[in-house]
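1. the following comprises the amino acid sequence and a computationally predicted model.
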Amino acid sequence: MDGLEVLTTIKADADLARIPVVVLTTSAGESDMVKAYGNHANSYLVKPVDFHQFLQLMDALGYYWLVWNQYPF
């Protein structure tokens, strides 16, 4: 099962569908992005090749989801 299949499975399950899903991938392909958002991904991020940039992305992602984002419970 690939990541898009996992995403589809999560979003099809009523008990899991509200869980935010961030797609973290090496693919910058438009068709992959369209498929992810078409299957209700909440965010689509392309992993930087450079490790330092990857760490910056993870810090920013964590800050966004844990500090700025507001989500009903």
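-> Great, that's in hand. This structure is a prediction, so every number in the text was calculated from the model and none was measured. Residues are numbered from 1 along each chain as shown.
2. show me where the protein has its strands.
-> 22-25, 43-46 (DSSP state E).
3. let me have those in a markdown table, extended by mean pLDDT, distance to Asp15 and mean neighbour count.
-> Backbone N, C-alpha and C define where each C-beta goes, glycine included. Below are the strands of the chain laid out as a markdown table (pLDDT from 0 to 100; distance: least, Cβ to Cβ, whole Å; neighbours: other Cβ atoms under 10 Å):
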| stretch | mean pLDDT | distance to Asp15 | mean neighbour count |
| --- | --- | --- | --- |
| strand 22-25 | 95 | 19 | 16 |
| strand 43-46 | 96 | 21 | 16 |
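4. in CSV: those strands, plus distance to Trp68.
-> Formatted as CSV, those follow (distance: least, Cβ to Cβ, whole Å):
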stretch, distance to Trp68
strand 22-25, 14
strand 43-46, 13
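5. of the ones you listed, which approaches Val6 most closely?
-> Nearest to Val6, of all the strands of the chain, is strand 22-25, at 9.8 Å by Cβ to Cβ.
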